[in-house]
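1. Sequence and predicted structure below; questions after.
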Amino acid sequence: MSDHPVLRYVSAGAWSLVEPLFSQRAKDLLIKLIDFMEIDVLPSEKLFHAQIPTHPPEARWASIPPILETLRDKAKKLGLWNLWLSGGDFQGMAGGQGGGLSNLEYAVMAEIMGHSAILAPQATNCSAPDTGNMEVLARYGTSEQKEKYLVPLLKGEIRSSFSMTEYGVASSDATNLRNTTALPSSSGKTLSVKGHKWWITGAGDPRNVIHIVLAVTDPKNPSPHKRHSLVLVDPRAKDVKIVRPLTVFGYDDAPEGHCEVVYDGVEVDVDGGVVGGKAGLGRGFEIIQARLGPGRLHHCMRSIGIASRALDILLQRVSDPNRKTFGKYLKEHGTVLADIAHSRAEIDAARLLVLAAARRIDIGGAKGAMQDIGIAKFTVPSMALKVIDRAMQVHGAEGVSEDTPLAYYYASLRTLRYADGPDEVHIQQIGKNELKRVERLRSRIERIKKESDKLLNEHGKVKARL
């Protein structure tokens with residue numbers, strides 16, 4: 001049995017399945033990551049939040065906690081920078097720092113980072129929405145767009161937003177997205193971007209210099225999947241208005257935030273302002289599907305870590321001698337024991353779904369893993385919410401306060417049931433995919449039935465009871 005420190009976080013059964021698929025370099029990086037988390041990141045969490053100003057309100061969006069830069073510098077020195085990057089073009093662009101990890105290897109590392117889901121991904125340049133935006137630029141951007149935006153994103157010098165969800169529109173059906181357009185301006189030389197978006201993650205960050213905006217560029221195209229393009233908008237342009245930071249159960253996620261944004265006639269040129277230049281026109285849906293697959297799974301990976309930390313917090317609470325009720329430790333109550341057992345089982349089961357999906361991406365690419373990603377997408381956040389809710393319950397009123405991270409975890413994970421497509425969309429698609437098996441299933445069952453009837457006749461039996 002391996003004595004790798006990852007066993008402090010991942011079940012022995014899961015590790016025994018994936019360890020043979022880990023390179024020695026990945027195992028070594030995993031040790032470094034665990035040390036970095038325990039020695040540097042987790043002890044820095046309270047300082048990170050303390051360094052975010054509270055008054056006046058606008059100050060919360062004006063600066064970045066200094067401790068974050070300290071952690072980023074150390075992550076770079078340790079080779080823990082851009083861990084999300086796989087091989088090929090990405091690896092070359094990252095200057096070798098990505099490590100060329102497989103999705104399976106990264107899945108375990110992302111789970112570990114999920115134990116500090118806000119700070120660790122930022123410290124290692126593995127946070128959304130930047131990772132997905134880097135993937136878009138790497139796969140589809142022109143050489144000039146890569147130089148202008150991708151390189152500084154990889155270096156962690158800037159941040160970005162992905163601007164898709166529209167105000168006043170049922171955005172779960174992406175073909176409905178119509179109130180943001182990028183149509184020829186009066187001069188005919190540029191596109192004028194007009195629209196109203198909201199829940200734009202990172203739009204409040206002072207480091208943000210680029211919004212990748214899904215906009216209608218060909219409204220009369222007969223195919224609803226070819227009407228949109230991705231356009232690059234500078235959020236500092238005078239015709240961009242950050243209306244407000246939105247809150248989730250009262251949390252504003254400063255200094256990143258999830259903002260409401262209005263684009264009021266921002267002009268961009270086609271070559272530089274459309275992802276892929278002229279060749280990118282009408283390819284918005286194609287590109288976002290390539291972006292969303294791995295991104296959905298990254299969220300699931302981190303969610304396993306969040307759930308695991310919530311269980312750790314629960315275990316400490318129920319073992320506290322100052323928290324006895326009716327003469328017993330909380331851990332001695334049967335309902336609490338059941339909550340612990342269910343949480344352990346559900347986390348371990350969900351982890352296997354995520355690892356399976358990551359392995360499928362490694363074998364067949366994101367498109368070949370959509371079934372596995374979809375199942376993980378609607379299963380993992382709901383599982384994590386259950387575990388967090390149990391941890392909150394044993395804390396009583398303290399569980400919904402800011403004295404523990406549990407309420408914040410719950411608020412953050414609740415949004416994942418909408419983000420990158422609501423649960424209902426993924427559930428319906430998986431259900432439809434399952435129904436596609438019916439004809440093959442019937443054919444197989446019929447063959448088995450015929451063989452069964454044949455055996456009964458040969459042995460003089462007319463009917464058998466099961």
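-> On my side now, so go ahead.

2. wait, Arg323 sits on Tyr329?
-> Yes - between Arg323 and Tyr329 there is a contact at 7.5 Å, judged by CB atoms under 8 Å. (Glycine included, C-beta is placed from N, CA and C.)

3. Show me the domain layout of this protein.
-> 5-127, 159-282, 288-421 (automatic domain parsing).

4. wait, which of the ones you listed is closest to Lys148?
-> Lys148 lies closest to domain 159-282 among those, at 8.1 Å (CB to CB).

5. and the end-to-end length of that closest one?
-> Terminal residues of domain 159-282 are spaced 26 Å apart (CA to CA, to the nearest Å).

6. any weak-confidence spans in the chain?
-> Residues of the chain that meet the criterion pLDDT under 70 lie in 1, 86-99, 464-466.

7. Dead centre of it: give me the residue that sits there.
-> The centre of the chain sits closest to His299, judged by CA atoms, centre = their mean, with a distance of 2.4 Å.

8. which residue packs closest to that one, ignoring adjacent ones?
-> Leu416 (5.6 Å; CB to CB, 6 or more residues apart in numbering).

9. wait, isn't the one you found in contact with Ser303?
-> Yes - with contact defined as CB under 8 Å, Leu416 and Ser303 form a contacting pair (6.6 Å).

10. Could you tell me which residues touch both of those two?
-> Counting by CB atoms under 8 Å, 6 or more residues apart in numbering, the shared contacts of Leu416 and Ser303 are Pro381.

11. packing partners for whichever strand or helix holds the residue nearest to the centre of the chain?
-> Using DSSP states H and E, His299 sits within helix 284-318. The contact analysis (3 or more CB pairs under 8 Å, 6 or more residues apart in numbering; DSSP states H and E) places helix 284-318 against helix 103-113, helix 130-140, strand 208-216, strand 228-233, helix 334-368, helix 370-395, helix 406-415.

12. circling back: redo the domains of the chain as JSON lines? Include distance to Gly460.
-> Listed next are the domains of the chain as JSON lines, based on distance: least, CB to CB, whole Å:
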{"stretch": "domain 5-127", "distance to Gly460": "48"}
{"stretch": "domain 159-282", "distance to Gly460": "60"}
{"stretch": "domain 288-421", "distance to Gly460": "46"}
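
13. show me what contacts the closest residue to Pro66 other than its chain neighbours?
-> The spatially closest residue to Pro66, leaving aside those adjacent along the chain, is Gln51, at 6.2 Å (CB to CB, 6+ apart). Shown in contact with Gln51 (CB under 8 Å, 6+ apart): Pro65, Pro66, Ile67.

14. Tell me how many other residues crowd the second one.
-> Which is Pro66. The burial metric for Pro66, expressed as a neighbour count using other CB atoms under 10 Å, is 11.

15. With neighbour numbers in mind, choose between Leu416 and Ser303.
-> Comparing Leu416 with Ser303 by neighbour count (other CB under 10 Å), the higher total belongs to Ser303, at 30 against 22.

16. Run through the residues that contact that one.
-> If you count contacts by CB under 8 Å, 6+ apart, then Ser303 has Gly114, Val380, Pro381, Met383, Ala384, Leu413, Leu416 around it.

17. ok, so what distance separates the nearest residue to the first one once chain neighbours are set aside from Arg442?
-> In this case it means Gly114. Nearest residue to Gly114 in three dimensions, chain neighbours excluded: Gly305, at 2.1 Å (CB to CB, 6+ apart). From Gly305 over to Arg442 the distance is 42 Å, taken as CB to CB, to the nearest Å.

18. Tell me which of the two has more neighbours.
-> The residue with more neighbours, out of Gly305 and Arg442, is Gly305; 26 against 10, by other CB under 10 Å.

19. was I right about the more buried one contacting Ile118?
-> No - Gly305 is beyond contact range of Ile118, at 11.7 Å (criterion: CB under 8 Å).

20. Quickly list what's touching both of the two.
-> Here Gly305 and Ile118 have no joint contacts, going by CB under 8 Å, 6+ apart.

21. since we're on Arg227, how many residues are nearby?
-> Arg227 is flanked by 21 other residues according to other CB under 10 Å.

22. again, but for the one 4 residues further on
-> For Val231, the tally of surrounding residues (other CB under 10 Å) stands at 27.

23. Bridged to it, which residues?
-> Here Val231 sits in beta bridges with Val213, Val274, as judged by DSSP bridges.

24. Please list all residues in contact with it.
-> Ala182, Leu191, Val193, Ile212, Val213, Ala215, Thr217, Val268, Gly273, Val274, Val275.

25. same thing but at 10 Å, please
-> Listed by CB atoms under 10 Å, 6 or more residues apart in numbering, the contact set of Val231 reads 163, 180-182, 191, 193, 211-215, 217, 263, 266, 268, 270, 273-275, 280-281, 284.

26. now do Val318
-> Contacts of Val318 by CB under 10 Å, 6+ apart are Tyr329, Leu330, Lys331, Glu332, His333, Val336, Leu337, Asp339, Ile340, Ala391, Val394, His395.

27. What is the burial count for the nearest residue to Arg8 once chain neighbours are set aside?
-> Leaving aside its sequence neighbours, Arg8 sits nearest to Ile34 (CB to CB, 6+ apart; 7.3 Å). The tally of other residues near Ile34 (other CB under 10 Å) stands at 18.

28. What are the contacting residues of whichever strand or helix holds Ile34?
-> For Ile34, the host element (DSSP H and E) is helix 24-36. Contacts to helix 24-36, defined as CB under 10 Å, 6+ apart, come from residues 2, 4-6, 8-10, 19, 22-23, 41-42, 71, 74-75, 78-80, 83, 99-102, 104-106, 108-110, 112-113, 115, 120, 123-124.

29. Now do the next helix or strand after that helix: which elements does it pack against?
-> Next in sequence after helix 24-36, counting helices and strands by DSSP H and E, comes helix 42-50. When contacts are defined as 3 or more CB pairs under 10 Å, 6 or more residues apart in numbering; DSSP states H and E, helix 42-50 sits against helix 66-78, helix 119-123.

30. Distance from the first one to the middle of the chain?
-> Read that as helix 66-78. A distance of 22 Å separates the centroid of the chain from that of helix 66-78, by CA atoms, centre = their mean, to the nearest Å.

31. now that helix and helix 24-36, what's the angle there?
-> Comparing the axes of helix 66-78 and helix 24-36 via axes from the mean of the first three to the mean of the last three CA atoms, to 10 degrees yields an angle of 150 degrees.

32. Next, the buried residues of helix 66-78.
-> Ile67, Leu68, Leu71, Arg72, Lys74, Ala75, Lys76 (16 or more other CB atoms under 10 Å).

33. residues touching the second one, list them.
-> The contact partners of Leu68, by CB under 10 Å, 6+ apart, come to Ser44, Leu47, Phe48, Gln51, Ile118, Leu119, Gln122, Ala123, Pro255.

34. Looking at the helices and strands packed on helix 284-318, spot the one closest to Lys155.
-> Here helix 130-140 is closest among the helices and strands packed on helix 284-318 (CB to CB), at 10.9 Å.
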